[in-house]
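Participant: any chance you could fold what I've pasted below:
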Amino acid sequence: MDKEGLEEWQNRWKEVFDKISKSMPGLLEAGKILEEESPEAFWQLCRYGWYFGYDSLPKTPVELAREIKKGNQREVDDFLIKYYEDELESIERRLVGRYPHRTMVLQEAFQNHREKRYYSSITLFLTQVDGVCKELTGNIFFTTEEIKGVKIRKPKIAKAFNEEEVFFKPFLVPLKETSSINSHWTKLNSFPLRLNRHEILHGEDFDYASQMNSLKVISLLNYISDILTYEAKQ
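Facilitator: Now for the predicted structure:
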């Protein structure tokens, strides 16, 4: 999504709230519920390894999180697998356009995914998450902030954002705490899946290669790229 695309996304979302506010009280209440549910929805999907960039509408995570609460995790995974496969070409084109100096590694990562070489695609995409974060903020995603020797459970890059200036604050939820992908290995049992960057890149996990896991890491890279491109303090 380019600058014009982001503005179009913001305008669509504003139009929704404008229509709701001018309509019947029931719709206004529905809008408030959607806004209130969004932070928890983004976190719930993040816990399961899925991230959302600005190419999605806020109602999508809310609807999917509701399905998770009903116990329909498999259906949610199937929906998002299809969604990200359908969006694969668009995501690749957007990332290459933003980081032309990373073209070769990005194209190889996407090609590996398409050819079902998921060990390779996941590893390459994980390196690019850190690379993009380092390039744009000076910090990497897979580290936590420390104050007086006490680790705070959130990525260091969280300090690159002024929360008051972010258009839709729920998009910052994945940066408020760690998830399975960047958690310390001793905390992994608190998440519903075990997909962890440290275990993968240090050879401790050798059972992570799957279409779904590759798409989850793609969703993370897409999210990181969007949030840093449009919301980080430059």
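
Participant: what is the burial count for Y230?
Facilitator: For Y230, the neighbour count with other C-beta atoms under 10 Å is 18. Placement of C-beta: from N, CA and C, glycine included.

Participant: and the host helix or strand of it, which residues are buried?
Facilitator: Element membership of Y230 [criterion: DSSP states H and E] is helix 211-231. Neighbour-count burial for helix 211-231 flags 212-231 (criterion: 16 or more other C-beta atoms under 10 Å).

Participant: check stretch 198-207 too.
Facilitator: Applying a neighbour-count criterion of 16+ other C-beta under 10 Å, one finds 198-200, 205 buried in stretch 198-207.

Participant: could you do stretch 188-197 as well?
Facilitator: Judged by neighbour count (16+ other C-beta under 10 Å), stretch 188-197 contains these buried residues: 188, 191, 193, 195-197.

Participant: regarding that stretch, how distant is the last residue from the first?
Facilitator: From its first residue to its last, stretch 188-197 covers 11 Å (C-alpha to C-alpha, to the nearest Å).

Participant: just the helices in the chain please.
Facilitator: Ranges of helices in the chain, per DSSP state H, are 3-21, 25-47, 59-69, 73-86, 88-98, 103-114, 118-137, 197-201, 211-231.

Participant: and V173, which of these is closest to it?
Facilitator: helix 25-47 (4.1 Å; C-beta to C-beta).

Participant: so which residue is smack in the middle of the protein?
Facilitator: By C-alpha atoms, centre = their mean, the chain has its centre lying nearest to Y51, at 2.6 Å.

Participant: closest one to V166 among the helices of the chain?
Facilitator: helix 211-231 (5.1 Å).

Participant: helices and strands around the closest one, which ones?
Facilitator: In terms of contacts (3 or more C-beta pairs under 8 Å, 6 or more residues apart in numbering; DSSP states H and E), helix 211-231 is packed against helix 73-86, helix 88-98, helix 103-114, helix 118-137.

Participant: for the helix holding Y230, what is the average pLDDT?
Facilitator: Averaged over helix 211-231, pLDDT sits at 93.

Participant: try stretch 183-197
Facilitator: Stretch 183-197 comes out at a mean pLDDT of 83.

Participant: and R47, what is it in contact with?
Facilitator: 179-180, 191-192 (C-beta atoms under 8 Å, 6 or more residues apart in numbering).

Participant: same question for N213.
Facilitator: With contact set as C-beta under 8 Å, 6+ apart, N213 has these partners: 49, 118, 122, 195.

Participant: which of those residues tops the neighbour count?
Facilitator: Neighbour tally across those (other C-beta under 10 Å): the maximum, 26 neighbours, falls on I122.

Participant: list the residues that contact it.
Facilitator: 200, 208-209, 213-214, 217.

Participant: okay, the contacts of R47 in CSV with distance to L57 next?
Facilitator: Output for the contacts of R47, formatted as CSV (distance: C-beta to C-beta, whole Å):
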residue, distance to L57
S179, 22
S180, 25
F191, 26
P192, 24
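
Participant: and which of those is nearest I81?
Facilitator: Nearest to I81 among the contacts of R47, with distances taken as C-beta to C-beta, is P192, at 16.6 Å.

Participant: just checking, that closest one touches L45?
Facilitator: No. With contacts counted by C-beta atoms under 8 Å, P192 stays clear of L45, the gap being 11.0 Å.

Participant: hang on, the earlier thing: which one of the buried residues of stretch 198-207 sits closest to L106?
Facilitator: For these, the nearest to L106 is I200 (18.4 Å; C-beta to C-beta).

Participant: check contacts around the closest residue to the closest one other than its chain neighbours.
Facilitator: Spatially, and ignoring its direct neighbours in sequence, I200 is nearest to Y208 (5.7 Å; C-beta to C-beta, 6 or more residues apart in numbering). Y208 makes contact with 118-119, 122, 195, 199-200, according to C-beta under 8 Å, 6+ apart.
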